[in-house]
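J.: A structural model of the following input is requested.
(2 chains)
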Amino acid sequence: MAKNLTTREQDYSKWYNELVIQADLAENSGVRGCMVIKPYGYGIWEKMQAELDRMFKETGHENAYFPLFIPKSYFSKEASHVDGFAKECAVVTHYRLKNDENGKGVIVDPDAKLEEELIVRPTSETIIWDTYRKWIQSYRDLPLLINQWANVVRWEMRTRLFLRTSEFLWQEGHTAHATKNEAIAEAEQMIHVYSDFVENYMAVPVIIGVKTESERFAGAIETYCIEALMQDGKALQAGTSHFLGQNFAKAFDVKFANKEGKQDYVWATSWGVSTRLMGALVMTHSDDNGLVLPPKLAPIQVVIIPIYRGDEEFDKVSEVALELQKELRAKGLRVKFDNRDTQKPGWKFHQYELKGVPVRIAVGPKDIANGTFEVARRDTLKKEVMLKNEVVDKVSGLMDEIQKNLFSRALDNRTEHTTEVSNYDEFKQVLDTKGGFISAHWDGTLETEEKIKNETKATIRCIPSDVEKEEGTCMVTGKPSRERVLFAKAY
RNA sequence: CGGGGUGUAGCGUAGCCCGGUUAUCGCGCCACGUUUGGGACGUGGAGGCCGCAGGUUCGAAUCCUGCCACCCCGACCA
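T.: As a prediction, the model looks like this:
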């Protein structure tokens, strides 16, 4: 374990890479662009999964599982979909290896070429809609509300742990509806489920909005998104929910008999969040001492560290610590008593700080004599001595307090780094000096959006949904604008 | 995929230009002892296909070719 973490000030990107590795979340593997998610990192992901899964089920969805492989022909059925993903697909062409005749190792058996190549799914719309054709005949079969937890592969040029990996874990919801309005309502509902989760569990504030045409999902009519702002002033797309219209139903011929007895194509949505959320979590809250985790997602919420000399003291301290652990667990907290004799207290303090455990409690002979505990919170790094009879209530109260503090700290950062500008010069200046979200007027054309992107690298992150519309003139062309949109440099 | 860089013990590194005894140092690891309220110290010890595969040579970590991976900059990124 390296002792020093690069600071955010020195090199934000390096800080992130080092932190993910040092906090034991994940590491690079021998496979290009693919990561190994380590137990601690996976533990956080499991917490995320559990909450999201619960929320999906509460909104009427069921889980299912579809194949990893998609026949190539399925892919070509929806034209814009193939445009969006073709360049980053891994393709299976053979099904057998054999021993190399002139030497060592194995080679691909040229005789084992597949009749039709299989695509490793970059997303599952095609295979799912091909299946839905068989499941849907009548309006009585609708709505069909399915989610799957899966891995997908997108052959990215440049990868970064969690933020962009060739293989990643995610969930993808795929729903089918009888009417357009119902499908739109579903897509909107799910983006709100995402924002609820990201804000209330991850403590990461997000802006809800819709994507511009150029940023839209391949095959979607409308893409709803949540955008978060990282500490370095760059935006991160945290989740998307798509209204797909009848595009996939038409491509895969999924029709149903409506109440009037007429055949109609079904209306679709799809929505997803991925292990990228782990990156958002790390980059939003963590500091130069390491990870900072929101209590609701921390695998360990409270760690108890014993301080002692000799076996006799250890036994006494252990007794008190175990009692405290029991009481805290009775309050529903995830508590670890780290009674390892192989590491010293100071080492443990640093270790759990690096891993972002929200609350640390130290207990030693002095505490036993005084009837106290030393309680340190990770978010503020402040220590407080608490009396034995108050510690359980106070610590469980801290969970809520830390959760709220992390959110408000992140929200303050976003507020500070959100700027309204009135002209293009100001826009460029803010982008260069301050970064963050920039709210500006845009004429709604692809050309202007493209020009801004080429000249500044900033993209339109979204057209925010929950704000009052304000008319104005485009900062670039001076043409009329119906509303402000949100620009930023993005991950 | 283009430009640049890197790959030597679990991690970080010296050596490479200019080939030649047993590959350097620190952290970590193991044993024993002393320690334990913010990353302990001493003594002893283990650990190496020098990224992989070929080639040149009496001899390769070092020179040449190919490949793989990682980092930085670009392009790409629903």
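J.: Buried residues in stretch A:313-320, which are they?
T.: By neighbour count on 16 or more other C-beta atoms under 10 Å, the buried set for stretch A:313-320 is A:314, A:316-318, A:320. For the C-beta atoms, the positions are set from N, CA and C on the backbone; glycine is no exception.
J.: Where helices are concerned, which of those residues count?
T.: Of the buried residues of stretch A:313-320, the ones assigned to helices by DSSP state H are A:314, A:316-318, A:320.
J.: can you tell me which two in those residues are farthest apart?
T.: Greatest spacing in these, by C-beta to C-beta: A:Phe314 and A:Val320 (11.1 Å).
J.: So the least confident helix or strand in chain A by mean pLDDT, near RNA strand B or not?
T.: Counting by mean pLDDT, DSSP states H and E, chain A has its least confident helix or strand at strand A:106-108, which shows a mean of 78. No: under the criterion of C-beta under 7 Å from any atom of the strand, RNA strand B is not reached by strand A:106-108; the shortest gap measures 13.3 Å.
J.: Past that strand, which element shows up next along the chain?
T.: strand A:113-120 (DSSP states H and E).
J.: do the next helix or strand after that following strand and RNA strand B meet?
T.: The element immediately downstream of strand A:113-120 (helix or strand, assigned by DSSP H and E) is helix A:125-135. No: with C-beta under 7 Å from any atom of the strand as the criterion, RNA strand B is not reached by helix A:125-135; the gap is at least 9.5 Å.
J.: Dump the C-alpha coordinates for helix A:125-135 into CSV.
T.: The C-alpha coordinates for helix A:125-135 follow below in CSV (Å, rounded to 0.1, in the frame of the first residue of the first chain):
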residue,chain,number,x,y,z
GLU,A,125,-32.4,-3.6,-27.1
THR,A,126,-32.1,-5.8,-30.2
ILE,A,127,-32.1,-9.3,-28.5
ILE,A,128,-34.8,-8.1,-26.1
TRP,A,129,-37.1,-6.7,-28.8
ASP,A,130,-36.6,-9.8,-30.9
THR,A,131,-37.9,-11.8,-27.8
TYR,A,132,-40.7,-9.3,-27.0
ARG,A,133,-42.2,-10.1,-30.4
LYS,A,134,-43.1,-13.5,-29.1
TRP,A,135,-44.4,-12.2,-25.7
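J.: separation between the residue minimising distance to the centre of chain A and RNA strand B?
T.: Centroid-nearest residue in chain A: A:Leu277, 1.5 Å away (criterion: C-alpha atoms, centre = their mean). Separation of A:Leu277 from RNA strand B (C-beta to the nearest atom of the strand, to the nearest Å): 12 Å.
J.: doesn't that residue fall inside a helix?
T.: Yes: the assignment for A:Leu277 is a helix, going by DSSP: H, G, I helix; E, B strand; the rest coil.
J.: quick one: A:Asn63 and A:Ala150 touch, right?
T.: No: the pair A:Asn63 / A:Ala150 is not scored as a contact, 10.2 Å apart, by C-beta atoms under 8 Å.
J.: The closest residue to RNA strand B within the stretch 1-150 of chain A: what's it in contact with?
T.: Relative to RNA strand B, the nearest point of the stretch 1-150 of chain A is A:Arg32 (3.1 Å; C-beta to the nearest atom of the strand). In this structure, A:Arg32 makes contact with A:159, A:166, judged by C-beta atoms under 8 Å, 6 or more residues apart in numbering.
J.: So it: helix, strand or coil?
T.: Classification of A:Arg32 by three-state DSSP places it in coil.
J.: which residue ranges form the helices in the stretch 1-150 of chain A?
T.: For the stretch 1-150 of chain A, the helices defined by DSSP state H, counting those that start in this stretch cover A:12-22, A:39-58, A:72-75, A:79-85, A:125-135.
J.: out of the ones you listed, which comes closest to A:Val91?
T.: For the helices of the stretch 1-150 of chain A, proximity to A:Val91 was assessed by C-beta to C-beta; helix A:72-75 is nearest, at 7.4 Å.
J.: Just list what that closest one packs against, helices and strands only.
T.: helix A:79-85, strand A:113-120, helix A:125-135 (3 or more C-beta pairs under 8 Å, 6 or more residues apart in numbering; DSSP states H and E).
J.: Relative to A:Val385, which of those is closest?
T.: Shortest distance between A:Val385 and the helices and strands packed on helix A:72-75, using C-beta to C-beta, is found for strand A:113-120: 55.8 Å.
J.: Any chance you could list what contacts the closest one?
T.: Contacts for strand A:113-120 (C-beta under 8 Å, 6+ apart): A:68-73, A:75, A:89-95, A:152-153.
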